[in-house]
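*Asks:* No letters, just coordinates:
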């Protein structure tokens, strides 16, 4: 099974409730793109259009490896602001009185082609489609959320929570991302191999932060914590969200294991995702109405089972609630919010055909809608879980 073989194989269109007007403080635009993540493209547009980046606002980050459409706002924007290239376009939609934010997004429409499917897999997929249409699927945060996770070193935010600023900085400066260029990968490997030899690391340093970090550590070998104040707020927030999402997934996985029947799984970047094929009526009603809080220092659990599982997950990870209150990092923090336990796709349309790219294999075409924050890729994992 393969997804995102071509950008056109994974189309995402944002659904937003924006009160458009003929006049307003903010210009509203539709941003269409492929091969770009949202933040990098907005920074490029800011340069191209000579508009300060701080005037741009968006509701959600859309996948680089997809064909996506989303709403953005530009403070003081006008109908004359527009652009059209092979890989992205910006078109004016109207005016509004506030900046774009996540709260204005109601969901996303998906149009996905799943390729390279073996004939033997079709029966499983067909069964899982029927079950998911009736019973929904667990609303896990998907692998995209865990881009900063290092298989050997773990989560940056977890290290920070435990006061292990040396380890957190090591992950930050040595974790290799798949899209890193060859020279960057080699530099990160060098840092890891020569960690604590700050003079050697400084000689290899290239970015502003690398030079700052190794120069400061050369002067103060224990000065790890202050360096985290130099990491941008948005980036630090992603690190905190990644670990918080991992803990939330653990809570949901335990609850699914508790109430679900005929369980299946799918391998994830951090942990396996657990799914159910059957639920009794009461358990479906329970899960469908359940909202689980993301972990933080102060949370309110909705029932005894969630309270018990929440406590088990924190204990299993050797976390005390007070550890979520971090004093030495001020530009990000753990804030609890409720997230639905399961999701039922809306407007589900399914069709099959021969795969024109992978010969003698089948292609599955899916159209569906999910609420804000839910992952189309998780729905695919559910369909192919076994």
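*Replies:* Here it is on my side, so go on. Computed from a predicted model, the values in this text were never measured in an experiment. Numbers count the residues shown, from 1 in each chain.
*Asks:* I'd like the average pLDDT over stretch 370-377.
*Replies:* Stretch 370-377 comes out with an average pLDDT of 96.
*Asks:* Also stretch 341-361?
*Replies:* In this model, stretch 341-361 has a mean pLDDT of 95.
*Asks:* cool, and stretch 217-233?
*Replies:* Here the average pLDDT along stretch 217-233 is 95.
*Asks:* buried ones in it?
*Replies:* Using 16 or more other CB atoms under 10 Å as the burial criterion, the residues of stretch 217-233 that qualify are 217, 224, 225, 227, 228, 231. Heads up, the C-betas are built off the backbone N, CA and C, glycines and all.
*Asks:* what sits up against the worst-scoring helix or strand of the chain on mean pLDDT?
*Replies:* When each helix and strand of the chain is scored by mean pLDDT, DSSP states H and E, helix 119-135 comes last, with a mean of 92. Residues external to helix 119-135 that are found in contact with it (CB atoms under 8 Å, 6 or more residues apart in numbering): 1, 117, 264, 276-279, 284, 342, 344-345, 348, 350, 352, 362, 364, 379, 382-386.
*Asks:* and if we set it to 10 Å?
*Replies:* Residues from elsewhere that reach helix 119-135 (CB atoms under 10 Å, 6 or more residues apart in numbering): 1, 114, 117-118, 137, 260, 262, 264, 275-279, 283-284, 287-288, 342-345, 348, 350, 352, 360-362, 364, 366, 368, 379-380, 382-386.
*Asks:* are any of those residues buried, and which?
*Replies:* In the contacts of helix 119-135, burial by neighbour count holds for 114, 117, 137, 260, 264, 275-277, 279, 283-284, 287, 342-345, 361-362, 364, 366, 368, 379-380, 382-385, counting by 16+ other CB under 10 Å.
*Asks:* can you count the residues close to residue 256?
*Replies:* The number of residues packed around residue 256, counting by other CB atoms under 10 Å, is 22.
*Asks:* just how off-centre is the particular helix or strand that has it in it within its chain?
*Replies:* Using DSSP states H and E, the secondary-structure element containing residue 256 is helix 233-259. Shown here is helix 233-259, whose average C-alpha point lies 11 Å from the average C-alpha point of the whole chain (CA atoms, centre = their mean, to the nearest Å).
*Asks:* same thing with stretch 52-68?
*Replies:* The mean C-alpha position of stretch 52-68 is separated from the chain mean by 13 Å, CA atoms, centre = their mean.
*Asks:* That one: which residues count as buried?
*Replies:* With the criterion 16+ other CB under 10 Å, stretch 52-68 contains buried residues 55-60, 62-68.
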